[in-house]
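1. Need the 3D shape of this:
(2 chains)
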Amino acid sequence: MELTEIEEKWQREWIKQRVFEADPDGRKKFFITIPYPYLNGNLHAGHTRTFTIGDVIARFKRMKGFNVLFPMGFHVTGTPIIGLAELIAKKDPQTMEVYSRYHDVPLDILTTLTTPERIVEYFSKEAEEAMKAIGFSIDWRRKFTTTDDTYKKFIEWQFRRLKEKNLVVKGSHPVRYCPHDQNPVEDHDILVGDEATIVDYTVIKFKLDGVIFPCATLRPETVFGVTNIWLNPEGRYFLVNVDDEQWVVSVEAEEKLRFTDKNVEIIREVDSSEFFGKYVLNPVTGDKVPVLPATFVDGDSATGVVMSVPAHAPYDYVALKELEKNDEILVRYGIDRSIIESIKPIVLIEIEGFKIPAEDVVVREKIKSQIDHEKLERVTKLIYKKEFHKGVLNQTTGKYAGKKVSEVKDLLVSELMEKKIADVFYEFSVKPVICRCGTKCVVRVVKDQWFLNYSNPEWKQKVMKCLENMDIIPEAYRIEFENKIDWLKDKACARRKGLGTKLPWDPEWLIESLADSTIYMAYYVLASYINSGLIIADNLNDEFFDYVFYGLGDGKKTAEKSGISEDLLNLIREEFEYWYPVDLRSSGKDLVANHLLFFLFHHVALFPPEKWPKAIAVNGYVSLEGKKMSKSKGPLLTMKRAVKKYGADATRLYILSKASHLQDVDWRKKEVENIVNHLYRFIQLAEEMFTGSGPESTVDTWMMSRLNFRIKEVTLALEKLETRDAIHTAFYELMNDVRWYMKRGGKKLLKDILHIWVRLIAPFTPHIAEEVFSWFEEGLVSTASFPEWDESLISKEVEIQENYLISVMDDIREVVSLIKKEDIGGIWIYVAPEWKKKVVESSREWKDPREAMKAIFKDKFMREKGKEVSQLITEVYEGKVNMDFALLDEFTLLNRERKFLENEFKCKVIVERAESPKYDPQNRSKRASPGKPAIYVE
RNA sequence: GCGGGGGUUGCCGAGCUUGGUAAAGGCGCAGGGCUUAGGACCCUGUCUCGAAGGAGUCCGUGGGUUCAAAUCCCACCCCCCGCACCA
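-> As a prediction, this is how the structure comes out:
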């Protein structure tokens, strides 16, 4: 029978018997979810991996006796689907190519996918078919898409509740923005500089006659060491009204400020030279410092006004030195030389190995000019790094003295901001940033934006608490989660464009797509009632959700108001109570810093602790023959195509067996094909085993030991979601065990082993497992019980005996290969004499070889053996003697297996005691060591 | 830069938590068996040397701890991922 036939047959059977439709009952429940896919394309190998892990666990838990709910929905919210519809509508060549070639959309259908609705309809159908074809044990009665009216009601409820808790707040935030398109730009909109991030400079407001000189800096802590400020003598500056203040900024800065949330108005252009030699007030220290010219100042970097800290900033140090020597400039701007000469670097950060850090490195690197950017950039970075991490602030900094720079920085900025003597100026980390349309992008501050208040420390605290009680798989990721929780800032949660739910209190805004996907697992409970028509959108109001999720309110009134029966309402409430919380959420590692984090945040915000998630599992990516997959550019391998080509079981098995959890899987055609062969091998072996029977044999106990050990290994691995190890054990190692058993003449247990084995592999390759299982009994393996192991049958002793035999065979084989003889007449095996065993045995009782020898040589017989004994003792202590083997009754054992050995080597085998060999032409018996008999071959 | 993960034999990957015979397993390669033939399948080998089961080398680099280090500690080099308003 072909594999595809088997697969389709059992998939039909599962649907017919509704095996995966889960409703509450008396059993313990297990609720597992996988992030629903976003429908801007077909499911691919990456989904295949994550989803298959989920399915394997779902199937395993089901067989372990849990009532398992494994549901699936579809994500539609956001802009990419709209973008795709537009691209298809205008027949964008790359899109048409990628979607027909890699997503396998037939061209005649593709050309019709010009609206988001058609795209969603097409890909949701495709996705469901793909997931059925690969045999996922999903309860399909619960599917939905995030643009369903009923789902929108659910999201509205969620956001109203969050707002009530003050977790949705108004604010402004910086985005990359194209002035020409008048739109924020995303990564793929950017022509040049897509690696640029937005960095926030601190602006410190130095004052002169009521005019502010906003000095932009990344090192606000150095404000205590300012000796002067810089303007570029060749740069253009404006005097501008900024809100209710007057600022002097570069012309470039003025332009940028207009995109912020400040009101900006040019008063007049000013010449920087009119300020040189004048004194500005440092608002932090109260010092008055001069304004001086420096050409390194970049008008296109932040405000174009810079504070000078010659003790810690190499640029400033060099510029001052240059100025001091440049009489022409001094004269030109009427700057008194004594001003420069009186400037002394003010050290405010103490760091080992430096006195005045900037001076030290400039001298050491022999930097002569402020235009030597390459060297200056390098040493600037060097000093910054050292000072930030290891530097300690000194008494110059007043109350911050004794603290580390890294500890003080944020605190200092927020204090200065509060006193309104500092501000923020956003700037790109890399320049230029150019939009696809060719326009230079700016940082724009979007005003009156709605935010999820993730920075809220109490909220974070709660998430941390939740995390503490969760299982994180792999455990190494826990620290990553902790870091990300700490790092998470407020997140804008509303958009102008896209698909989704409108913000209920401000319908101009759409709820952003990650924000609407945080607690939707709860919605799966309702979805089956919605899909069966028992509930429609009109039934869903806040009272309904409060009642179902919180048990709040009066049942009768709520039912009345919702327009559904009280019985139904209570049924849904009970079902929610039964399934929630989520026991396991399994996902790709790309979702750690966003979705999974929000998943936790929203759960702790909206649900009591007993409804918080229990576990998160994270897995790596999938690449194709070493190349990264890309939905929009290719290459891509769809789930459907993989299944069609290699079969469901092979695809499942391959993608899980290739790498452990965090590791990325590289999909290689050749290896997948080999897995297909392996499955045929398994079926062939299974057929042999099913019909196999025979008498008891000496290897039966060994086989039982192995089998039980393997069950144990597979079970423990699956409990930890280590699917790779589980597959390895269940398929390869157990198969090797069975082969060895058969080779050794084992027959009796074959059929029984198969009956157990087939259940062991059922979570991974359910179709083949069903087929083989059906040879034995009527029911389905999907609902059969997972094998339990019997610890008492796992026998170390029996396994040692078997390993001993293998080791002896290896030795014989090696000897045979070394003598390079065509025909072997016979093999003589000499088992070590009793006295040697005694030496080995008693050696173990002593701490070191000298003591052992002393003790053993008390025996006269041993003394006579002198050198041999001491040599043996040395070998024991060098670890050359296998203690497990040494204590076996080797003679009996080898004699028992003599026939087997004769068959293996196709010659006669004689086992002798080394004390009294009947035939030993080369006197090899002397070499016999406990656990390692001497061998003679002729 | 910050944070996380990683560097093992031709390749992919175990082993590292808890130091104790490095090289599980797969792919590839070689030899043999089976077969009309090919594929598949089965067996054996695959760091180096070896005409007796042995010896030597070895886990990114350099140090350290230890009787003993792939494993623990320190420093350095290299690779991958995330750094957000995008699903």
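2. residues touching the nearest residue to A:F891 once chain neighbours are set aside, list them.
-> Ranked by CB to CB, 6 or more residues apart in numbering and with sequence neighbours excluded, the top spatial neighbour of A:F891 is A:V831, at 4.6 Å. Every C-beta, even on glycine, is put in place using the N, C-alpha and C of the backbone. By CB atoms under 8 Å, 6 or more residues apart in numbering, A:V831 lies in contact with A:890-891, A:894, A:911-914, A:928, A:933.
3. A:K205 - that's part of a strand, no?
-> Yes: under DSSP: H, G, I helix; E, B strand; the rest coil, A:K205 sits within a strand.
4. Buried residues, stretch A:428-435. List them.
-> Within stretch A:428-435, the residues that qualify as buried are A:428, A:433-435, counting by 16 or more other CB atoms under 10 Å.
5. I'd like the mean pLDDT over it, please.
-> Over the span of stretch A:428-435, the pLDDT mean works out to 78.
6. Over to stretch A:237-253?
-> On average, stretch A:237-253 scores 94.
7. Send me it as CSV with only the CA atoms.
-> Extracted in CSV, the C-alpha atoms of stretch A:237-253 (Å, rounded to 0.1, in the frame of the first residue of the first chain):
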residue,chain,number,x,y,z
TYR,A,237,21.8,78.5,12.2
PHE,A,238,18.3,79.7,12.9
LEU,A,239,16.9,81.4,16.0
VAL,A,240,13.5,79.7,16.4
ASN,A,241,10.5,79.7,18.6
VAL,A,242,10.1,76.2,20.1
ASP,A,243,6.9,76.1,22.0
ASP,A,244,7.4,79.0,24.4
GLU,A,245,11.2,79.1,24.2
GLN,A,246,13.7,80.5,21.8
TRP,A,247,16.3,78.1,20.6
VAL,A,248,19.4,78.4,18.4
VAL,A,249,19.7,75.3,16.2
SER,A,250,21.2,74.4,12.8
VAL,A,251,19.0,74.8,9.8
GLU,A,252,18.8,71.0,9.4
ALA,A,253,17.7,70.7,13.0
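8. mind listing what's buried in it?
-> For stretch A:237-253, by 16+ other CB under 10 Å, it's A:237-240, A:242, A:245, A:247-253.
9. Run through who's touching it.
-> Residues from elsewhere that reach stretch A:237-253, judged by CB under 8 Å, 6+ apart: A:205, A:210-214, A:231-232, A:235-236, A:254, A:257, A:262-272, A:275, A:299-300, A:302-305, A:425.
10. ok now that stretch, how far from the chain's centre?
-> Offset of stretch A:237-253 from its chain centre (CA atoms, centre = their mean, to the nearest Å): 46 Å.
11. One more: stretch A:392-406?
-> 38 Å.
12. Now do the end-to-end distance for that stretch.
-> In stretch A:392-406, first residue to last residue: 9 Å (CA to CA, to the nearest Å).
13. what about that stretch and RNA strand B, touching?
-> No: Stretch A:392-406 stays clear of RNA strand B (CB under 7 Å from any atom of the strand), getting no nearer than 8.7 Å.
14. Show me what that stretch is in contact with.
-> Contacts for stretch A:392-406 (CB under 8 Å, 6+ apart): A:221, A:224-225, A:346-351, A:387-391, A:408, A:412.
15. Mark which of the contacts of stretch A:237-253 are buried, thanks.
-> Buried among the contacts of stretch A:237-253 by 16+ other CB under 10 Å: A:205, A:211-214, A:231-232, A:235, A:254, A:257, A:264, A:270, A:272, A:275, A:299-300, A:302-305, A:425.
16. Low-confidence stretches in the stretch 701-850 of chain A?
-> A:820-823, A:844-850 (pLDDT under 70).
17. swap the cut-off to 80 and go again
-> A:810, A:813-814, A:816-825, A:839-850 (pLDDT under 80).
18. Can you pull up the residues of it that come close to RNA strand B?
-> So the stretch 701-850 of chain A meets RNA strand B at A:724, A:728, A:732, A:739, A:808, A:810-811, A:813-815, A:818-820 (CB under 7 Å from any atom of the strand).
19. please redo it, this time with the cut-off set to 6 Å
-> Proximity of the stretch 701-850 of chain A to RNA strand B (CB under 6 Å from any atom of the strand) is limited to residues A:728, A:732, A:739, A:811, A:813-815, A:818-820.
20. So which of the buried residues of stretch A:428-435 is the closest to A:D666?
-> Of all those, A:V433 has the smallest distance to A:D666: 33.8 Å, by CB to CB.
21. Report the spatially nearest residue to A:V781, omitting neighbours in sequence.
-> A:F773 (3.8 Å).
22. Quick one: distance of the one helix or strand the one you found maps to to the chain centre.
-> If you go by DSSP states H and E, A:F773 is part of helix A:766-776. The chain centroid and the centroid of helix A:766-776 are separated by 35 Å, computed with CA atoms, centre = their mean.
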